[in-house]
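Novice: just need the structure, nothing else, for what follows:
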Amino acid sequence: MGRFLRRRLLAVVPLLLLVTSMVFSLILLLPGDPAVALVGMEDASEEKLAAIRERMGLNRPLVVQYVSWLARLAHGDLGVSLRTGQPVTEAIRERAPITLGLALTATGFGLLAGVPLAIVAARRRGGLVDAAASGLAAFGVAVPNFWLGSMLVLVLALHLRWLPATGYVSPFESAGDAFRHMLLPTLTLGASAVAEVTRQLRSSLGEVLAADYVKTARAKGLAEGRVVAKHALRPALIPVITVAGLTISRLVSNTVVVESIFALPGLGRLNLESVLNRDFPMLQGAVLVTVLAVIAVNVLSDLLYGLVDPRIRYG
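Specialist: Numbering: from 1, shown residues only. Predicted coordinates:
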């Protein structure tokens, strides 16, 4: 297992170099001048702009700027916000738990709802439950997050007044209020997770249940529930691990829309605000942390493959 882990971590090194170079290039892709964004158009005299470019190192060659940025990054220094003057690492430390918590709870909801639904559908293929599960999965994949979030707010928050429409409460302040405020965003993001888990596990579990060794287990007189739990479910989990990893990665990136709808102060909303305000250091830091979270999830998925199926570990 240690050798398997080392191979996966070594494969990440060139990817990290590629990611950092792409994140650094954001300053070139976005319109506008960081120096102008810092002082404003009204006070943007050539003398002030030249002094700011000298202080920020923007007048140096791009390669030198990139190496200097990497050196600061290695020490945990992502710079300072051009708009607020707040250190980027401090802003990310405040907002990252909200986004990651939302993505993880939405994925957990997808697993808790999707796995039992897929098991029932796979055991009763062609029946009413199977048709309902397939329809629900198709709806969850097809419906856009912004539409589903808006409908949940309209019905559950504004019309029925069961849940708050927007806002965020820390669980350290009030666990009950935090749950109520995060329920609608979790349902909005979790709908696609339920759909993906249901589709993939239903398909893979149906193939495993038709395998000869499963038929042999049934012939021995084992109960159907034990056959599924002990003999069929674990081999069928490989596609689910893939889907769960991809779902978390996609949900982390999709939080821009959901956090904007529900006014959640997470990384997604920070990315949007940084683009609108041309806050280049904040945007670079927020995007970098988001991408690193996605890479970490993919590495964890690879490790789970090795735990579920030892053939992958030694292949």
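Novice: and Phe109, what does it touch?
Specialist: By CB atoms under 8 Å, 6 or more residues apart in numbering, the contact list for Phe109 reads Thr186, Leu187, Gly190, Ala193, Val194. No exception for glycine: its C-beta is placed from N, CA and C like everyone else's.
Novice: next one: the first one relative to Val19, how far apart?
Specialist: When you say that, I think you mean Thr186. For Thr186, the distance to Val19 (CB to CB, to the nearest Å) stands at 28 Å.
Novice: can you check the second one too?
Specialist: In this structure, Leu187 and Val19 are 31 Å apart, going by CB to CB.
Novice: for the fourth one, same thing?
Specialist: The gap separating Ala193 from Val19 is 25 Å, by CB to CB.
Novice: below-threshold pLDDT in the stretch 101-250 of the chain: ranges please.
Specialist: Along the stretch 101-250 of the chain, no part satisfies pLDDT under 70.
Novice: 90 - rerun?
Specialist: Within the stretch 101-250 of the chain, the stretches with pLDDT under 90 are 101-150, 158, 160-161, 163, 165-176, 178, 189-250.
Novice: quick check: closest non-adjacent residue to Val227.
Specialist: Nearest non-adjacent residue to Val227, counting by CB to CB, 6 or more residues apart in numbering: Ala217, 4.9 Å away.
Novice: count of residues packed around that neighbour?
Specialist: 19 (other CB atoms under 10 Å).
Novice: ok, now Ile241?
Specialist: Ile241 has 19 nearby residues by other CB under 10 Å.
Novice: and what of Phe280?
Specialist: 24.
Novice: can you check Glu94 too?
Specialist: 14.
Novice: what about it, helix or strand, and which?
Specialist: Using DSSP states H and E, Glu94 falls within helix 88-123.
Novice: buried residues, that helix. List them.
Specialist: 88, 91-92, 95-96, 98-100, 102-103, 105-107, 109-111, 113-115, 117-123 (16 or more other CB atoms under 10 Å).
Novice: now the helices for the stretch 201-315 of the chain?
Specialist: Assigned by DSSP state H, counting those that start in this stretch, the helices in the stretch 201-315 of the chain fall at 212-219, 224-226, 233-261, 267-276, 280-308, 310-313.
Novice: quick one: closest of the ones you listed to Phe179.
Specialist: Phe179 lies closest to helix 233-261 among the helices of the stretch 201-315 of the chain, at 16.6 Å (CB to CB).
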